[in-house]
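> I would like the atomic coordinates for the input below:
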Amino acid sequence: MEQLKHECGVAMVRLLKPLEYYHQKYGTWMYGLNKLYLLMEKQHNRGQEGAGLACVKLEASPGEEYMFRERALGTGAITEIFAAVHDHYKDLPPGKLNDPLFAKANLPFAGELYMGHLRYSTTGKSGISYVHPFLRRNNWRAKNLALCGNFNLTNVNDIFKEITAIGQHPRKYADTYIMLEQMGHRLDREVERLYRKYEEEGLRGMDITHAIEGHMDLSNVLKRCVPTWDGGFVICGLTGSGESFSVRDPWGIRPAFYYADDEIVVLASERPVI
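Next comes the predicted model:
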């Protein structure tokens, strides 16, 4: 039986207001990004091997990136990934850097959803490709998925068999990657279900896309995946269309805590950091 101990760390931030709101009230549109940094830095003890972050920007126009990620290895990974983010801004004049409307329209990581992960491996596998968050990309915004977690599943092989039985051919055997493909498949099916529904109702083109993104119900995806997971877990995710979620094992083997008000929702592996 696995010893009950803390392993990886997770952090999530969901801004509920436009970036201009935080700039006006707190003096910076980077309020969410800064909060994520604090949540991760205060859980530094959980991630001695690497760290990563993902961001989703809402309402991006076609042709513009809306999902961003940075990852790094080592005990200084938190500092490294946030330094990489700020490298995008270092040559901007103050007038543009401090303009939330310019940031929203032009700058990477100027988004409303943030997710961070601190890696403490229990599998012996190492390298940047094993650092969370994992990404599954698609030209349909709602089909994009970023996933991270603190978990130890006991039935990864069963999940692997499940996704290969439906025709998938995973490129590697790694627990997070297998979970990503399992959830990604169910996410694809949910988007396609909604596409057929709205097409039958007479919608076309971008009207279908907007209807899908306005009526996505991730519980339909989670209900098909989570019951198949056996072990201790806290799994967090973001979609390209702006949905976010976190699920915990029924026994609370892996801890997670959250706070919500009318400005922000935050989640972390440890209560005091919130």
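
> Need the pLDDT of residue 126.
As predicted, residue 126 sits at a pLDDT of 76.

> Would you mind listing the residues in contact with the residue nearest to it when sequence neighbours are not counted?
Excluding the flanking residues, the one nearest residue 126 by CB to CB, 6 or more residues apart in numbering is residue 49, at 6.7 Å. C-beta here means a position set from N, CA and C on the backbone, and glycine is covered the same way. Contacts for residue 49 (CB atoms under 8 Å, 6 or more residues apart in numbering) come out as 73, 74, 77, 119, 120, 121, 126, 131.

> pLDDT check: weakest of those residues?
At the low end of pLDDT for the contacts of residue 49 is residue 121, which has 70.

> is it true that it lies in a strand?
No. Going by DSSP: H, G, I helix; E, B strand; the rest coil, the assignment for residue 121 is coil, not a strand.

> For it, which residues are in contact?
Residue 121 touches 49, 130, counting by CB under 8 Å, 6+ apart.

> how much space between it and residue 184?
23 Å (CB to CB, to the nearest Å).

> Next: residue 125.
21 Å.

> Between the two, tell me which one has more neighbours.
Neighbours per residue (other CB atoms under 10 Å) separate residue 125 from residue 184, with residue 184 holding more: 23 against 10.

> where do the helices sit along the stretch 151-274 of the chain?
Here the stretch 151-274 of the chain has its helices, by DSSP state H, counting those that start in this stretch, at 156-165, 175-200, 206-214, 218-225.

> quick one, which of the ones you listed is packed in tightest?
helix 175-200 (a mean of 19; mean count of other CB atoms under 10 Å).

> Now do it: which elements does it pack against?
strand 134-136, strand 145-153, helix 156-165, helix 206-214, helix 218-225, strand 231-239 (3 or more CB pairs under 8 Å, 6 or more residues apart in numbering; DSSP states H and E).

> got the angle for it vs helix 156-165?
40 degrees (axes from the mean of the first three to the mean of the last three CA atoms, to 10 degrees).

> What is the neighbour count of residue 230?
By other CB under 10 Å, neighbour count at residue 230 equals 13.

> Sorry, slip of the keys, the one I care about is residue 246.
Count around residue 246 with other CB under 10 Å applied: 17.

> Nearest spatial neighbour of it, chain-adjacent residues omitted?
Using CB to CB, 6+ apart, the closest residue to residue 246 is residue 236 (4.5 Å).

> coming back round to it: mind giving me JSON lines with the helices of the stretch 151-274 of the chain and columns for mean pLDDT and distance to residue 60?
Converted to JSON lines, the helices of the stretch 151-274 of the chain look like this (pLDDT from 0 to 100; distance: least, CB to CB, whole Å):
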{"stretch": "helix 156-165", "mean pLDDT": "95", "distance to residue 60": "30"}
{"stretch": "helix 175-200", "mean pLDDT": "97", "distance to residue 60": "18"}
{"stretch": "helix 206-214", "mean pLDDT": "96", "distance to residue 60": "12"}
{"stretch": "helix 218-225", "mean pLDDT": "97", "distance to residue 60": "20"}
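
> Tell me who's in contact with residue 52.
Residue 52 neighbours (CB under 8 Å, 6+ apart): 69-72, 77, 81, 116-117, 119, 131-133, 148.

> hang on, the earlier thing: gap between the residue nearest to residue 246 and residue 207?
For residue 236, the distance to residue 207 - CB to CB - is 31 Å.

> same check, this time on residue 21
Counting by CB to CB - residue 21 and residue 207 are separated by 29 Å.

> Please dump the helices and strands packed on helix 175-200 into TSV; it should also carry distance to residue 110 for every row.
Shown next, in TSV, are the helices and strands packed on helix 175-200 (distance: least, CB to CB, whole Å):
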stretch	distance to residue 110
strand 134-136	19
strand 145-153	17
helix 156-165	35
helix 206-214	20
helix 218-225	24
strand 231-239	15
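
> quick one: which of those is nearest residue 253?
strand 231-239 (3.0 Å; CB to CB).

> Partner strands of the closest one, with direction?
strand 145-153 (antiparallel), strand 244-248 (antiparallel) (DSSP bridges).

> Deepest in the core, which of these is it.
strand 145-153 (a mean of 25).

> That strand - what's its average pLDDT?
The model assigns strand 145-153 a mean pLDDT of 96.
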